[in-house]
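S.K.: Kindly generate the corresponding structure for this input.
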Amino acid sequence: MRYYIVVEGASGEPKIYPHWIQYTNSKLVQLSNLNDNRGDAYYLVSGYGYPNYLKIIENAIQDVNNINNFNYLVVAIDSEDNTYQEKYDEVKDLVADKLESAELKIIVQYFCIETWALGNRIACRRNTQDKVLLEYKNIHDVRKADPELLPSYKEMNRAQFAFSYLKCMLHDWYPNAMYTKSNPKALLSEDYFNQIKKRFGETGHISSFRSFLDTFQ
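M.R.: The predicted model follows:
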C-alpha cells in the first residue's frame, strides 16, 4: 500500500508520525521524493496549520491524481473545538469527489495529538507532588478518566489545556522529558506509543486513536 499523508501540524506531527507509523506497520518506508515508486511506502507533508492546510490538501489531491500510484490520501487533523464528526465532515466535503483513483482516509485527532499522548498512564504519576499537576488532576485525572473528555480550563481551550497538561505530566514523570511542538522527543519511543495503544485497547479511551491504527495496520 502507498500513502500520501497530510498532517496538520508544522513541526510536531511531521516528527511523531514517522515513528508511530513504523511501530504500527514496520513494512512502510518513508519517501522523500514523490517520484519514488517503491511499494509499501508513504509520502508525508505538513499542512502548516489552519487555514494553510486547506491549500496543502488541494495540492495533495492534484499530486495524487497526477502521479496515480498512491492507494490512499490520508489527512490527519485536530478537531480542536469542533466535534469529531464536524471535523471529519469538513475534510470529507473539502476532498469530496476530487480523487480519481485513491481512497480518502481521515484521521481526526480528537481533539489534538496531545490528547492521545495523555493516554500513557505510566507517564502520569499516581502520587505527584507537583502543585500544577495536582490542580490539573483534580479537574480531570487523565490516569483514570478518558483524556478525550478533558474540558477547557481557565483561559485555555481544551486543546491548549491538553498541551499544558502533557508538558506538566511529562516533566513530573521525568524531568528531562520535555515536550514542545517543535521538540516532541518524549513521544517518539516505541514504549510510549505502546502505552497509548494499550490504553485504547484496554479501556476504549482516546477512541479517535482507532482511526490512526485502522489507517496504517
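
S.K.: Tell me which residue is most central in this protein.
M.R.: With distances taken as C-alpha atoms, centre = their mean, I113 lies nearest the centre of the chain, 3.9 Å away.

S.K.: Quick check: pLDDT value at that one.
M.R.: I113 carries a pLDDT value of 97.

S.K.: That one: what's it in contact with?
M.R.: Contact criterion C-beta atoms under 8 Å, 6 or more residues apart in numbering gives 9, 12-13, 16, 78 as the residues in contact with I113. Placement of C-beta: from N, CA and C, glycine included.

S.K.: let's see 7 Å
M.R.: Taking C-beta atoms under 7 Å, 6 or more residues apart in numbering, we find I113 in contact with 12-13, 16.

S.K.: Show the backbone phi and psi for it.
M.R.: Here is the backbone geometry of I113 (degrees, to the nearest 10): phi -70, psi -30.

S.K.: pLDDT, secondary structure and neighbour count for the contacts of I113 - can I get that in a markdown table?
M.R.: Below are those laid out as a markdown table (pLDDT from 0 to 100; DSSP: H, G, I helix; E, B strand; the rest coil; neighbours: other C-beta atoms under 10 Å):
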| residue | pLDDT | secondary structure | neighbour count |
| --- | --- | --- | --- |
| G12 | 94 | helix | 23 |
| E13 | 97 | helix | 25 |
| I16 | 98 | helix | 20 |
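
S.K.: okay if I get those residues as a markdown table plus distance to K197?
M.R.: As requested, the contacts of I113 are exported to a markdown table (distance: C-beta to C-beta, whole Å):
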| residue | distance to K197 |
| --- | --- |
| G12 | 19 |
| E13 | 17 |
| I16 | 14 |
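
S.K.: which element is Y43 on?
M.R.: For Y43, the host element (DSSP states H and E) is strand 41-46.

S.K.: who does that strand pair up with?
M.R.: Strands that pair with strand 41-46, judged by DSSP bridges, come out as strand 2-7 (parallel), strand 29-31 (parallel).

S.K.: follow-up on the earlier one: what is the nearest of the contacts of I113 to R2?
M.R.: Distance to R2, by C-beta to C-beta, is smallest for E13 among those, at 19.4 Å.

S.K.: so what's the closest one up against?
M.R.: Listed by C-beta under 7 Å, 6+ apart, the contact partners of E13 are 7, 76, 113.

S.K.: still on that earlier bit, tell me which of the contacts of I113 is nearest to F163?
M.R.: G12 (9.8 Å).

S.K.: so that closest one makes contact with K181?
M.R.: Yes - shown here, G12 and K181 form a contact pair, counting by C-beta atoms under 7 Å, at 4.8 Å.

S.K.: quick one on the thing from earlier: export the strands paired with strand 41-46 to CSV and tack on mean neighbour count and mean pLDDT?
M.R.: Output for these, formatted as CSV (neighbours: other C-beta atoms under 10 Å; pLDDT from 0 to 100):
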stretch, mean neighbour count, mean pLDDT
strand 2-7, 24, 98
strand 29-31, 15, 98
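
S.K.: Give me the secondary structure label for the residue sitting furthest away from the middle of the chain.
M.R.: Going by C-alpha atoms, centre = their mean, the residue of the chain most distant from its centre is Q129, 29.3 Å out. Under DSSP: H, G, I helix; E, B strand; the rest coil, Q129 falls in the coil class.
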